[in-house]
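S.K.: no sequence for this one, just the structure:
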Ligand SMILES: [Zn+2]
C-alpha cells in the first residue's frame, strides 16, 4: 500500500508540475496524445516518462537533444511521493482534501522555481489540511502569529512572495507549525548551489519542502 501511495504521489507531482510549466508558465496550449520533448519537440520514449526513473535513466540529460534537465523534476517527484506515503489519509474525503492542497503547493513551487513569482490564490487550499488532523484548528495564536510574520514585510532580503506564503501558512496551520517550516526551509535552501554563487534562490519550493518535512515528522512522532 505504501509503495502504491509513493508511486501515486510521484506521478501526481510529475503531472501537476508539467501542467503548470506548460500551461501557466510557457502557455503553450497544445494538447497532444503523445508526450514530446520541450526543447526539440521529438516524441519521448516511454521510459523517460516514468517519474524519477526517467531522470536517472537519462542521466539528467534529454536523450533526444542532450539538453540538460532540471534537477527540480525528480526532486519534487521524490518529495511528493514520500509525503503521500507518510500523510495519514484513510478515507476518500481525506484523500481528496490532501490531493487539492498538494496540487496547489506543487503548482506554486513550479511557478516560483522557474519564474521567481507565484499566484498567491493557489495557496488558499492549504487550509484544507485541518481536516487531516495534522494541523490545529484556527485559533487566536494563528492570528497573532500571522501578524508577527506580516511585520517581516518590512524587512529587506526576503521577497514579498515568500512572506505571502508564510502568512497564508500561518493563518491556515498556525505559528507552531509555521516556525519550524521556515527554519527547515532555511536549512534546506543552504544546500542550493545558487546560495554560494550569491544568486537569487526561489524560496517557495524550500518552504513546501519544509512543510512536507514538518507535517511528516508530526505524523511520525
Ligand atoms: Zn529533446
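M.R.: Perfect, I can see it now. Owing to the predicted nature of the structure, the values given are computational and were not obtained by experimental measurement.
S.K.: And the contacts of the lowest-mean-pLDDT helix or strand in the chain?
M.R.: Here the helix or strand of the chain ranked lowest by mean pLDDT, DSSP states H and E is helix 140-150, holding a mean of 78. With CB atoms under 8 Å, 6 or more residues apart in numbering as the test, helix 140-150 has contacts from 163, 166, 167, 170, 171, 172, 173, 174, 175, 176, 178, 179. Just so you know, the C-beta spots here come from the backbone N, C-alpha and C atoms, and that holds for glycine as well.
S.K.: Mind listing what's buried along that helix?
M.R.: 142, 145, 146, 149 (16 or more other CB atoms under 10 Å).
S.K.: Pull out the buried residues from the top helix by length along the chain.
M.R.: As assigned by DSSP state H, the longest helix anywhere in the chain is helix 92-115. By neighbour count on 16+ other CB under 10 Å, the buried set for helix 92-115 is 94-95, 97-99, 101-114.
S.K.: Of these, which ones also sit close to the ion?
M.R.: Among these, none lies close to the ion by the criterion of CB under 5 Å from the ion.
S.K.: For the residue nearest to the spatial centre of the chain, which residues are in contact?
M.R.: A centroid search over the chain (CA atoms, centre = their mean) returns residue 106, at 3.7 Å, as the residue closest to the centre. Contacts for residue 106 were tallied using CB under 8 Å, 6+ apart; they are 12, 13, 16, 17, 20, 76, 80, 208.
S.K.: need the contact list for the fourth one.
M.R.: The one in question is residue 17. Counting by CB under 8 Å, 6+ apart, residue 17 has contacts 72, 73, 76, 77, 106, 107, 109, 110.
S.K.: if we can go back for a sec, tell me how many other residues crowd the closest residue to the residue nearest to the centre of the chain other than its chain neighbours.
M.R.: Residue nearest to residue 106 in three dimensions, not counting chain neighbours: residue 16, with 4.2 Å by CB to CB, 6 or more residues apart in numbering. As a burial measure, residue 16 scores 21 neighbours (other CB atoms under 10 Å).
S.K.: in the particular helix or strand that has residue 16 in it, what counts as buried?
M.R.: According to DSSP states H and E, residue 16 maps onto helix 2-19. Using 16+ other CB under 10 Å as the test for burial, helix 2-19 gives 5, 6, 7, 8, 9, 10, 11, 12, 13, 14, 16, 17.
S.K.: circling back: pick out whichever of the contacts of residue 106 sits closest to the ion.
M.R.: residue 17 (18.0 Å; CB to the ion).
S.K.: so what's the residue nearest to the closest one when sequence neighbours are not counted up against?
M.R.: Take residue 17 and drop its neighbours on the chain: the residue closest to it by CB to CB, 6+ apart is residue 110, 4.6 Å away. Neighbouring residues of residue 110 by CB under 8 Å, 6+ apart: 16, 17, 20, 21, 24, 25, 72, 76.
S.K.: The residue nearest to residue 127 when sequence neighbours are not counted and residue 214, how far apart?
M.R.: Spatially, and ignoring its direct neighbours in sequence, residue 127 is nearest to residue 172 (4.2 Å; CB to CB, 6+ apart). Look at residue 172 and residue 214: by CB to CB, to the nearest Å, they are 13 Å apart.
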